[in-house]
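Engineer: take a look and give me a structure for this.
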Amino acid sequence: MSQARVTDFFATRKRNRFNQDEILLNKQKKSHQLVESSDSKSDEIAQIKEKLAQVAASSERCLRSRTKLENDKKEEAPPAPVKRSKKKEQLEALKVKMNRLDEKISKVVHQEPETEKTETKEKKKLNKAELKQKIEQFNKNLIQIQQNEEKAEAKTEIKDSEKPIPAYEKFKDLADEHLDPTTTLTLPKSYSLLLDSFKGSDTIVKFLFNRDEICTFLKLKMGIQNITKHTFNLKHLAQIKHVYQEAYLYKQEKIFIDFKNDYHLIISPNMDEIETNKDTNLKQFTPMVLLKRLKKFKLNLFSIVKRLHQEFLNSIGITDIPLENIKRWHQKFDLENLPEISESELPKAPVDQSIKCKTGKELLNIAKDIYSSRVQDAIKNTIVPNEEKPAIQKPKKEPDVALNPDQKVINKLKEKKETNYNALLDKIRAKEKQKALENMIINNDKEKMTTKYNSYKDLIRFLLFFYQSEKKSTLEMDKVCKKAADSTKGGLNELECRELIAEMSNDSKDVNMFINAESGKKWLNIIRVRNVQYLQMDKNFHLNDLNSMADKAIEALKSS
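Structural biologist: All right, here's what the predicted structure looks like:
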């Protein structure tokens, strides 16, 4: 009996184990089925959740109402033993199930994107053609980037190599030895017009040369007339060639212009005077070259005028002054009526001598061989030899009439006067020569100082009389300057009068022109009261004393 019981015990135990294994397998299968059907039944789960939530909300309301009633009863009745209702147990079981379902759904949701990514990676398999195109584009972009980097490096190297030009080289033309910056010489009107025309011609030739275009005389003429607003002819071009022969190269060439194949005068710049560019090793007509050429042309014009001026001085008898010291033309030198600049020859277009006819007679001689005999007879009758013109006889001078004795006496007196006054005339002429020389070689600073001292004398006279008429020792500066501008001889402005009065009031100790030597007081003082300037005068100074001081200063300037 005991053995049978043992066997039964072990048999039942085995059965229970098998049953448990089957239960676990069933549970696993159910969970897998839930996971697989989660996608399809997501909508159903959401509906179940909503229903469960509604049921839970209704049950909670019922519980709250019941708890209130029970609390009321407890307050009235004695406490009774607590019993758990079936509905509460059901609710708790439902909550546990809901939590399990939420956990499973969250696991499934997290697993879904990973599965989708794997699927997309498997689906997205590129073709070989697309891969080749992308590789080629990548290589092209690489080549472009390398080229841009090389260009940027080359630009930086060029910038580093181009060092800034120092000022003494950049503005070398402004400090030319031949030019005198303090000169006050002027050109006549015709010469200055020629200078303007050369400036215009040089700009046009520069423009066309840099564009590699041919510069004909017609182009040059139209351009200069547009710039200068003056007529320009071959005469002016010949004068330019005479003044500055090395400026241009002239030649006649046959060019097809306006449906005609004719000879045209071509003007090109002289390549010897144009500098070569260091970077490109090419000759360029730069603005610096243009300025150099213009200065050279101007110097040549001044040299022509100086030569004529020197001839005039030699005719007068002045030979001691060198050309370098002349800063003004002589008073009697007629600048505007100088002879015109001579013209140099320009190349002319070749013309067939067979067609060339200077006169009508030559044309008729050519026509003899072409026309008939009647026409030839008519031509012979028309051609008449030139008759010699009678020479114009000039009227002969009649002999002088015999003079009266009174006239003879008058002539003798005149001769005596001439002999007596010849010495005086020589002295006057010598003084005039000296004045002319002084005016020619006078210094600009000295001239300015002399004009200033002369204007001082005018202001001294005006200020003394004006203060006497006003009967005051101090007056407003604006009022004084206005009156001085209206009354002075030199035609000074109000600003100029103000500056001169300020200089007179701030008289330096070196000059001591408007300071009293005994008392050390000034003649004029400027006073400022409430942003208004007043001029105060010391009435102890006299007109003669002040004028004598100004005259002394002028004489000192002349002697220096």
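Engineer: and residue 521, what are its phi and psi?
Structural biologist: With angles defined as degrees, to the nearest 10, residue 521 sits at phi -90, psi 150.
Engineer: just the pLDDT for it.
Structural biologist: Looking at residue 521, its pLDDT reads 79.
Engineer: and if you look at residue 305?
Structural biologist: Confidence score, pLDDT, at residue 305: 90.
Engineer: where's it relative to residue 192, distance?
Structural biologist: Going from residue 305 to residue 192 by CB to CB, to the nearest Å gives 11 Å. For the C-beta atoms, the positions are set from N, CA and C on the backbone; glycine is no exception.
Engineer: which of these two has more residues huddled nearby?
Structural biologist: The neighbour comparison of residue 305 against residue 192 (other CB atoms under 10 Å) goes to residue 305, with 18 against 13.
Engineer: what residues sit buried inside the helix or strand hosting that one?
Structural biologist: In this assignment (DSSP states H and E), residue 305 forms part of helix 287-316. Neighbour-count burial for helix 287-316, counted by 16 or more other CB atoms under 10 Å, picks out 289-290, 292-294, 296-299, 301-302, 304-305, 309-310, 312-313.
Engineer: stretch 528-545 now?
Structural biologist: Quick answer for stretch 528-545 (16+ other CB under 10 Å): 533-537, 541.
Engineer: any stretches of the stretch 251-400 of the chain with poor pLDDT?
Structural biologist: 351-400 (pLDDT under 70).
Engineer: same check, this time on the stretch 51-200 of the chain
Structural biologist: Ranges of the stretch 51-200 of the chain meeting pLDDT under 70: 59, 71-85, 107-126, 156-164, 168-183.
Engineer: now do the helices in it.
Structural biologist: For the stretch 51-200 of the chain, helices defined by DSSP state H, counting those that start in this stretch occupy the ranges 86-123, 128-161, 167-170, 189-210.
Engineer: can you show me the helices along the stretch 301-450 of the chain?
Structural biologist: Assigned by DSSP H, counting those that start in this stretch, the stretch 301-450 of the chain shows helices spanning 360-368, 373-382, 405-441, 444-470.
Engineer: the last one: what's the following helix or strand?
Structural biologist: Once the chain leaves helix 444-470, the next helix or strand it forms, by DSSP H and E, is strand 474-476.
Engineer: identify the residues contacting that following strand?
Structural biologist: Contact with strand 474-476 is made by 466-467, 527, 532-537, as judged by CB atoms under 8 Å, 6 or more residues apart in numbering.
Engineer: show me where the stretch 451-560 of the chain has helices.
Structural biologist: 477-487, 494-505, 543-559.
Engineer: quick one: list the elements packing against the first one.
Structural biologist: Read that as helix 477-487. Judged by 3 or more CB pairs under 8 Å, 6 or more residues apart in numbering; DSSP states H and E, the packing partners of helix 477-487 are helix 444-470, helix 494-505, strand 532-537.
Engineer: buried residues of it, list them for me.
Structural biologist: Buried-residue list, helix 477-487, by 16+ other CB under 10 Å: 477, 480-481, 483-485.
Engineer: what's it in contact with?
Structural biologist: 459, 462-463, 466, 492-494, 496-498, 501, 526, 533-535.
Engineer: ok, of those residues, which come out buried?
Structural biologist: 459, 462-463, 466, 492, 496-498, 501, 526, 533-535.
Engineer: turn these into a markdown table, columns for pLDDT and distance to residue 557.
Structural biologist: Output for these, formatted as a markdown table (pLDDT from 0 to 100; distance: CB to CB, whole Å):
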| residue | pLDDT | distance to residue 557 |
| --- | --- | --- |
| 459 | 88 | 18 |
| 462 | 88 | 23 |
| 463 | 87 | 23 |
| 466 | 89 | 28 |
| 492 | 81 | 20 |
| 496 | 87 | 20 |
| 497 | 88 | 22 |
| 498 | 88 | 24 |
| 501 | 87 | 21 |
| 526 | 88 | 26 |
| 533 | 90 | 30 |
| 534 | 91 | 32 |
| 535 | 89 | 27 |
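Engineer: wait, which of the residues you listed is closest to residue 148?
Structural biologist: Closest to residue 148 out of those is residue 496 (64.7 Å), distances taken as CB to CB.
Engineer: now do the contacts for that closest one.
Structural biologist: By CB under 8 Å, 6+ apart, the contact list for residue 496 reads residue 485.
Engineer: skipping its backbone neighbours, what lies nearest residue 336 in space?
Structural biologist: Using CB to CB, 6 or more residues apart in numbering and skipping the chain neighbours, the partner closest in space to residue 336 is residue 188 (5.3 Å).
Engineer: dihedrals phi and psi, that neighbour?
Structural biologist: phi -70, psi 170.
Engineer: just the strands from the stretch 201-350 of the chain, written as ranges.
Structural biologist: 248-257, 260-269 (DSSP state E, counting those that start in this stretch).
Engineer: quick one, the last one and helix 189-210 angle?
Structural biologist: Pointing back at strand 260-269 there. On the basis of axes from the mean of the first three to the mean of the last three CA atoms, to 10 degrees, strand 260-269 is oriented at 100 degrees to helix 189-210.
Engineer: summarise which helices and strands strand 260-269 is packed against.
Structural biologist: Packing contacts for strand 260-269, counted by 3+ CB pairs under 8 Å, 6+ apart, involve helix 189-210, helix 217-228, strand 248-257.
Engineer: let me have these in TSV, extended by distance to residue 521.
Structural biologist: Output for those, formatted as TSV (distance: least, CB to CB, whole Å):
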stretch	distance to residue 521
helix 189-210	54
helix 217-228	61
strand 248-257	71
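Engineer: among the ones you listed, which comes closest to residue 553?
Structural biologist: Of these, nearest to residue 553 by CB to CB is helix 189-210, at 38.0 Å.
Engineer: just checking, what packs against the closest one?
Structural biologist: helix 217-228, helix 234-243, strand 260-269, helix 287-316.
Engineer: how about a cut-off of 6 Å?
Structural biologist: Packing partners of helix 189-210 (3 or more CB pairs under 6 Å, 6 or more residues apart in numbering; DSSP states H and E): helix 217-228, helix 234-243, helix 287-316.
Engineer: and of those, who's closest to residue 144?
Structural biologist: Taking these one by one with CB to CB, helix 287-316 is closest: 38.5 Å.
Engineer: remind me what the closest one packs against, helices and strands.
Structural biologist: In terms of contacts (3+ CB pairs under 6 Å, 6+ apart), helix 287-316 is packed against helix 189-210.
Engineer: rerun at 7 Å
Structural biologist: Applying 3 or more CB pairs under 7 Å, 6 or more residues apart in numbering; DSSP states H and E, one finds that helix 287-316 contacts helix 189-210, helix 234-243.
Engineer: residue 340 is nearest to which of these?
Structural biologist: For residue 340, the closest of the helices and strands packed on helix 287-316 is helix 189-210, at 6.7 Å, according to CB to CB.
Engineer: tell me the most buried of the helices of the stretch 51-200 of the chain?
Structural biologist: Compared across those, helix 189-210 shows the largest average neighbour count, a mean of 18 (mean count of other CB atoms under 10 Å).
Engineer: just the CA trace of that helix, in CSV.
Structural biologist: What follows is helix 189-210, C-alpha atoms only, in CSV (Å, rounded to 0.1, in the frame of the first residue of the first chain):
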residue,chain,number,x,y,z
LYS,A,189,46.2,134.9,-75.1
SER,A,190,47.2,133.2,-78.4
TYR,A,191,49.9,131.2,-76.6
SER,A,192,47.6,130.2,-73.7
LEU,A,193,45.0,129.0,-76.3
LEU,A,194,47.6,126.9,-77.9
LEU,A,195,48.5,125.4,-74.5
ASP,A,196,44.8,124.5,-73.9
SER,A,197,44.6,122.9,-77.3
PHE,A,198,47.8,120.8,-76.6
LYS,A,199,46.3,119.7,-73.3
GLY,A,200,43.1,118.5,-75.1
SER,A,201,45.0,116.8,-77.9
ASP,A,202,47.2,114.9,-75.4
THR,A,203,44.2,113.7,-73.5
ILE,A,204,42.5,112.4,-76.7
VAL,A,205,45.7,110.8,-77.9
LYS,A,206,46.2,109.1,-74.5
PHE,A,207,42.6,107.8,-74.6
LEU,A,208,42.9,106.4,-78.1
PHE,A,209,46.4,105.0,-77.6
ASN,A,210,45.3,103.0,-74.4
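Engineer: okay then, goodbye and thanks.
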